[in-house]
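Asker: Got a sequence here, can you model it:
(one chain, ligands or ions: 2)
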Amino acid sequence: MSPAPHHGDQYSFALEYDGPPLPFDLPRAVPISVDDIPVASVVSQVPLSDTLSLPVVQPIVAPKNPTVKFSKELRTLGSEARVSKEVELGSERTVSPTSVIAFEDRVSQSNNVCELSGELSSSGAFEFSNVNYASGEFSDEGGSSRMLEESRGAGSSGTVEFCESFDKSGRSSSALRVSNELHQHEWASTESVLSLEYPSTRVSSLKAEDCGDARRPPVVTFDVDSDDALDGDFGGEEEAVTRPLKREPLTKGKKGSCYRCFKGNRFTEKEVCLVCDAKYCSNCVLRAMGSMPEGRKCVACIGFPIDESKRGNLGKCSRMLKRLLNELEVRQIMKAEKFCEVNQLPPEYIFVNGKPLAYEELVTLQNCPNPPKKLKPGNYWYDKVSGLWGKEGQKPSRIISPHLNVGGPIQPDASNGNTQVFINGREITKVELRMLQLAGVQCAGNPHFWVNEDGSYQEEGQKNTRGYIWGKAGTKLVCAFLSLPVPSKSSNSYGEQHSNLSSKAVPDYLDHAIIQKLLLVGCSGSGTSTIFKQAKILYNSVPFSDDERENIKLTIQSNVYAYLGVLLEGRERFEDECLGHLKKWQSSTPGNTGPGPESDEKTMYSIGTRLKVFSDWLLKTMVSGKLDAIFPAATREYAPLIEELWNDAAIKATYARRSELEMLPSVANYFLERAVKILRTDYEPSDLDILYAEGVTSSNGLACVEFSFPQSSPEETGETADLHDSLIRYQLIRVHARGLGENCKWLEMFEDVGMVIFCVSLSDYDQFTVDGNGCSTNKMVLSRKFFEAIVTHPTFEHMDFLLILNKVDQFEEKIEQVPLTKCDWFSDFHPTISRPRPNSNSNSINHNPSLGQLGSHYIAVKFKRLYSSLTGRKLYVSVVKGLEPGSVDAALKYAKEILKWSEERPNFSSSEYSMYSMEASSFSH
Ligand SMILES: Nc1nc2c(ncn2[C@@H]2O[C@H](COP(=O)(O)OP(=O)(O)OP(=O)(O)O)[C@@H](O)[C@H]2O)c(=O)[nH]1
Ligand SMILES: [Mg+2]
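Answerer: Numbers count the residues shown, from 1 in each chain. Ligands and ions are numbered 1, 2, ... in the order given. I've put the predicted structure just below:
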C-alpha cells in the first residue's frame, strides 16, 4: 500500500527523450513541492492532509517523430515507498496530435487512459489542447481498452492540469482541469465541475436512505457554472450555493458500459438519468426508467430533484427515445419532464440581492415579460428601478423587466464596482463607467445617477432628465463589444433616437450564438481606419448608409479644402523664396534698372487678386480652426472658384513641388486631382473616395463593424464550402491609440476579444514625431513601444496577436531611396542583394527578393523576436497594402484562420500543424 503524500513531499516529473537531435534544451525534470499546490485545487471539504491535488502544468516537449517517456515519481519524505508511473508517448507510435497515453496505476491496480491532443509548435513544444481522460480497468480481450465512466475536459487551447488525489487508503483518483485561453471565464466552470467529483466519489458508498430525509439529503457547496456567455458572463469568482448532494446511481458497471446489463462501451448509445446520471443502453432504458412520469429518471430516482447541471436538457428528447417510443408517448414524457413539479428549479437556490427566493417570487421572475435567460441556481443582484440584472460581484449581464417584487434591496457593492459612480444605489463597474463615458454621460465628480428602465437618467436629487443612456446610435454598439446588456426590443420603444444608421448598425447579434471579436489597434497613421473601412466595403453589402455617406461627403470636402490650404500656403512660401532670389539677383547685378522692390513683381507662383482673396480667406479660416464649421455653405459659395484655382499656373507649379510640402499627406494627390468634382454640391463619394478619405471613422477613436466572411465557393477552395464560416459573425473593433487612455488603462475592457490585430506602418521608419515629452522620436520606435505595452498588458496574456505590416507599397519605394538604418532599431540591416546577372534574359523571372521584400521580412522578424522575448509565444505577421482590398481581405482571412486554428488545433495532424507554424508560412503577402 502506498502512503498518502504529506506536506514537504516532493514530486518530480521527468522527461526522457529518445529521438533525433533537438534544436533546444529539454527540461529534464520538473520538481513540484506538494506545498506549491494551489489551495483552490484542493477540495475544501476534505482536510488537506487527506487529499492532495497535484497539478501538472507540463507541456510535453516533442519534435516530429520522437518517443517521449513521461514518468513521474513521488518521493515521500520519511518513507522509502515510492509511487512511480510511467507514461509512454508512443514507443512504436509516432507522436501525433492525438496520441493515446496509457499508463498503469500501480496504486489502485487499475489502468488509466489518457487521450491527448495538442499541437507541435515551431519551437518544438508539445502543448496539450484537448484531453480525454478516463480511468478504470482495461479489459484485455481484443486488446482494446474498456473504460468505465469517463470525464472529459476539453478546451480549444490552453493548459491542462492533471490532478491526482490520494486518500488515506492510498487509493488514487485523478481528474483533469482544463483551462481555456480564449475563454478564461470557463476555467472556473470546468474546474468546479471536476472538483465536484471528489465528494461524489467519496460518498458513493452512501445509499440514498442513509442521508436522512431522502428528498433533502445533506448539503454540500457547489459552484454555479454558466454556459450562457452572452447572457451572463459568469466567470471569475466562484461562489457557493447550497444544494443537495448529487444522488449516486444504485448500480455501476464497468466504465462506459450500460448500468443495467453492464454491456457495451463508451461508444454505445445511451440514455442518461436526469437525477443520478446512470446511463442505459437502448435494450435496458425502458425497463430501467419505466413509464417516466417525471421524464428520464431511473425508477428509483422518481421523486428526486434533477441534477442542476442537466437542467438545460429538460424536454429535449434523444434520438434513442424517439426510436423506442411513439410520437405521442415522447411528447407526454417530455412535457412531464419539463413541467412536473419536482423538476422545477427550487426557488431557494436562487438568491437575489442576498435573499433566497420564495416560490411566488420565482414564479414572478420567470413569468415576467422579460425574464432572466436560462436561470440557474446562484447569487444574483437586481436593480428593480432599471431592470439591470447580474451575477453577484459582477457587471450586469441583462436588463430584465423592472419593478419585480423579488429578493431583497440592492446593496451598493452588489456588482463589486470601484468607480465611485452609482446607479440606483449600486456602485458601477469599470466597464459600465467606460460605457457611460462613451455614451456621453458626464461622470465627473462621482455622481449618483437615477436610471429608469427606458435608460433616461438624472442625477440624484434633481428633477430633470439629463438624457437617455441607450439613446444614441453608437451606445448599443459600444455595449455590444463591452459585453454589456442593452434594453430588449420591447422595452426600448421610447427614449431612443431612431435613425437609419442605428437600426442598421445594430443588428440582432445579441441573439447570435457565435461572435468573434477582433481588436484592431495601431499608432496614429498606421492604417487602422483604412483597414476598418476596407472590412466594411469588403464584407457588408451596404457598407455605408445614406446618412453616413452624407457626413462623409462633408468630411471629404473639408479635407480637400484643407489640402488646398496647404497648397496655397506652400505657394506663398515659394513665391517669397522666388522674390528673395530675385531681389538678391537685382542687388548683385550692377546697373540693374529693373522695377524696384515696391512695384508689383510677378513670379511663377503669383496668383491674381480673386484667387488671392480666396487664398487669404481659406488660410485665415484654417488657422482659426473653423474649417469644419463652414460647410456646406462654403461649397455652395466657392465651388466655381475651385476649377479656376486648380487650372491656375501658379497652383500647378506649386503642386509640382508637392513633395516639399510636409503637411500634405500622400492621399492628398488622389483628392486634389479630383478637387473640382469633389467640391461641387452634387458630389457623391464613391467607396474608393471613402477608403482614401481621412477622418471618416469615428472621432472618439472607437468603431465597430460586424460581418461574416462570404462563403467561398467549392470550386474556389477545391473542397466543400465551409458553411460554418459564414455562420460565424466577426466584430472588428478599431480603437485609436489615444482612446486607450493613460497606460492603456481601457484595454481591459476588451478582455473578451479573440485576437488583437496590431497595425504598423512600414514606411514610418524614417518618420519622426514629437512624443509626449516633447522629444522628437522615430515613429517606428514609437510603434514598437506601443506594441510592447499592448502585448504585455495583463488583459492579453494568452491572446493571439496578428501583426499587420502596412503600407508595403510605400515602403518598397521608400527603401530604395532612404536606408532602413535611418531607424536606430534597424541598425543591423545589411542585406546582400544579388542583382540579376547582366546576361540573364530579361524575360526570365528574377527570383531574388527585392530590397523591399528583404526589408519587410527583416522588420517582421524583428517584431517576432521582440514578441517572443516578451511573451514566449509566436507572433503571426501579415504584410499588407491597406489601400488594396485583396490584400486586406487576405490579412483578415488569415486572422480568421488563426482563430480557427486555436479552436480546432486538436483536429490537426502534427505534420499539418507544424507546417502551419513554420516561420515563413506565417507571412501572408
Ligand atoms: N500608400 C499607402 N497608404 C496607405 C496604406 N494604408 C493606409 N494608407 C494611408 O495612410 C494614411 C493613414 O491611414 P489611416 O488608416 O487613416 O491610419 P490610422 O491608423 O487610422 O491613423 P489615424 O487616422 O491617425 O488614427 C491614410 O491617408 C491612408 O490612406 C497603404 O497600404 N499604402
Ligand atoms: Mg485614420
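Asker: Get me the contact residues on the protein for ligand 1.
Answerer: Contact residues (C-beta under 6 Å from any ligand atom) of the chain with ligand 1: 522, 524-530, 665-667, 692, 694, 736, 806-807, 809-810, 881-883. Heads up, the C-betas are built off the backbone N, CA and C, glycines and all.
Asker: Any of these buried? List them.
Answerer: 522, 525-530, 665, 667, 692, 694, 736, 806-807, 809-810, 881-883 (16 or more other C-beta atoms under 10 Å).
Asker: Of these, which belong to strands?
Answerer: 522, 806 (DSSP state E).
Asker: Narrow the buried ones among the residues of the chain next to ligand 1 to those in helices?
Answerer: Members of these lying in helices (criterion: DSSP state H): 528-530, 692, 809-810.
Asker: Now whichever residue of the chain sits closest to ligand 1: phi and psi?
Answerer: Taking C-beta to the nearest ligand atom as the measure, the chain has residue 882 as its residue closest to ligand 1, at 2.6 Å. Dihedral angles phi and psi of residue 882 (degrees, to the nearest 10) take the values phi -60, psi -30.
Asker: List the contacts of it.
Answerer: Shown in contact with residue 882 (C-beta atoms under 8 Å, 6 or more residues apart in numbering): 527, 530-531, 534, 806-807, 888.
Asker: same thing with residue 810?
Answerer: 666, 761-763.
Asker: for residue 450, same thing?
Answerer: By C-beta under 8 Å, 6+ apart, the contact set of residue 450 is 385, 423-424, 457-460.
Asker: Could you rerun that using 10 Å?
Answerer: Residue 450 is in contact with 385-386, 422-425, 456-462, 465-466, counting by C-beta atoms under 10 Å, 6 or more residues apart in numbering.
Asker: Please, which helix or strand holds it?
Answerer: strand 448-451 (DSSP states H and E).
Asker: Now render the ones in helices among the buried ones among the residues of the chain next to ligand 1 as CSV, adding pLDDT and distance to residue 602.
Answerer: Shown next, in CSV, are these (pLDDT from 0 to 100; distance: C-beta to C-beta, whole Å):
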residue, pLDDT, distance to residue 602
528, 93, 46
529, 91, 43
530, 93, 42
692, 92, 36
809, 95, 40
810, 93, 37
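Asker: and which of those is nearest to residue 337?
Answerer: residue 528 (52.0 Å; C-beta to C-beta).
Asker: What sits closest to that closest one if chain neighbours are left out?
Answerer: residue 522 (4.5 Å; C-beta to C-beta, 6 or more residues apart in numbering).
Asker: Surely the one you found is in contact with residue 761?
Answerer: Yes. At 7.8 Å, residue 522 counts as touching residue 761 under the criterion of C-beta atoms under 10 Å.
Asker: For these two, list the residues in contact with both.
Answerer: Listed as contacting both residue 522 and residue 761 by C-beta under 10 Å, 6+ apart are 528, 783, 804, 806.
Asker: list the helices and strands the helix or strand hosting the second one packs on?
Answerer: Secondary-structure element containing residue 783, defined by DSSP H and E: helix 779-791. Packed against helix 779-791, as judged by 3 or more C-beta pairs under 10 Å, 6 or more residues apart in numbering; DSSP states H and E, are the following elements: strand 515-522, strand 755-761, strand 768-770, strand 800-806, helix 851-871.
Asker: Output the contacting helices and strands for the last one.
Answerer: Read it as helix 851-871. Helix 851-871 sits against strand 755-761, helix 779-791, strand 800-806, helix 808-817, strand 876-879, strand 923-924, with contacts defined as 3+ C-beta pairs under 10 Å, 6+ apart.
Asker: 8 Å instead, please
Answerer: Counting by 3 or more C-beta pairs under 8 Å, 6 or more residues apart in numbering; DSSP states H and E, the packing neighbours recorded for helix 851-871 are helix 779-791, strand 800-806, helix 808-817, strand 876-879.
Asker: wait, residue 412 sits on residue 423?
Answerer: No. Using C-beta atoms under 8 Å, residue 412 makes no contact with residue 423, being 10.4 Å away.
Asker: Compare these two (neighbour count), which wins?
Answerer: Counted by other C-beta atoms under 10 Å, residue 412 and residue 423 do not tie: residue 423 has more neighbours, with 25 against 10.
Asker: Bridged to that one, which residues?
Answerer: residue 426, residue 449 (DSSP bridges).
Asker: Isn't it up against residue 388?
Answerer: Yes. Counting by C-beta under 8 Å, residue 423 touches residue 388, with 7.4 Å between them.
Asker: where do the contact lists of those two overlap?
Answerer: Contacts common to residue 423 and residue 388, judged by C-beta under 8 Å, 6+ apart, are residue 451.
Asker: Would you tell me which helix is longest in the chain?
Answerer: Counting by DSSP H, the longest helix found in the chain is helix 546-588.
Asker: what's the angle from whatever helix or strand comes next after that one to helix 546-588?
Answerer: Note on helix 546-588: by DSSP H and E, the next helix or strand toward the C-terminus is helix 609-624. Between helix 609-624 and helix 546-588, the angle comes out at 110 degrees (axes from the mean of the first three to the mean of the last three C-alpha atoms, to 10 degrees).
Asker: if we can go back for a sec, hey, C-alpha coordinates of the helix holding residue 783 in PDB?
Answerer: What follows is helix 779-791, C-alpha atoms only, in PDB (Å, rounded to 0.1, in the frame of the first residue of the first chain):
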ATOM      1  CA  LYS A 779       7.700  56.700 -35.400                       C
ATOM      2  CA  MET A 780       8.700  53.100 -35.800                       C
ATOM      3  CA  VAL A 781      10.200  53.200 -32.300                       C
ATOM      4  CA  LEU A 782       7.000  54.700 -31.000                       C
ATOM      5  CA  SER A 783       5.100  51.900 -32.700                       C
ATOM      6  CA  ARG A 784       7.400  49.400 -31.000                       C
ATOM      7  CA  LYS A 785       6.800  50.900 -27.600                       C
ATOM      8  CA  PHE A 786       3.100  50.800 -28.100                       C
ATOM      9  CA  PHE A 787       3.300  47.200 -29.300                       C
ATOM     10  CA  GLU A 788       5.300  46.300 -26.200                       C
ATOM     11  CA  ALA A 789       2.700  47.900 -24.000                       C
ATOM     12  CA  ILE A 790      -0.100  46.100 -25.600                       C
ATOM     13  CA  VAL A 791       1.400  42.600 -25.900                       C
END
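Asker: Let me see the domain layout of this protein.
Answerer: Listed domain ranges for the chain are 10-202, 270-343, 374-511, 546-585+604-692, 741-834+847-924 (source: automatic domain parsing).
Asker: Quickly, which of those bottoms out on average pLDDT?
Answerer: Ranked by mean pLDDT, the domains of the chain bottom out at domain 10-202, with a mean of 32.
Asker: Of all the helices and strands packed on helix 851-871, which one is nearest residue 754?
Answerer: Counting by C-beta to C-beta, residue 754 lies closest to strand 800-806 out of these; the figure is 7.5 Å.
Asker: what's that closest one in contact with?
Answerer: For strand 800-806, the external contacting residues (C-beta under 8 Å, 6+ apart) are 522, 526-527, 530-531, 754-762, 787, 791, 856, 859-860, 863, 867, 875-882, 891, 894-895, 898-899, 902.
Asker: all strands for the stretch 251-400 of the chain, in order.
Answerer: Here the stretch 251-400 of the chain has its strands, by DSSP state E, counting those that start in this stretch, at 270-272, 279-281, 350-352, 355-356, 378-382, 388-391, 396-399.
Asker: could I get those as JSON lines with distance to residue 588 and mean neighbour count?
Answerer: Formatted as JSON lines, those follow (distance: least, C-beta to C-beta, whole Å; neighbours: other C-beta atoms under 10 Å):
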{"stretch": "strand 270-272", "distance to residue 588": "103", "mean neighbour count": "21"}
{"stretch": "strand 279-281", "distance to residue 588": "105", "mean neighbour count": "23"}
{"stretch": "strand 350-352", "distance to residue 588": "93", "mean neighbour count": "22"}
{"stretch": "strand 355-356", "distance to residue 588": "96", "mean neighbour count": "16"}
{"stretch": "strand 378-382", "distance to residue 588": "86", "mean neighbour count": "24"}
{"stretch": "strand 388-391", "distance to residue 588": "81", "mean neighbour count": "26"}
{"stretch": "strand 396-399", "distance to residue 588": "79", "mean neighbour count": "25"}
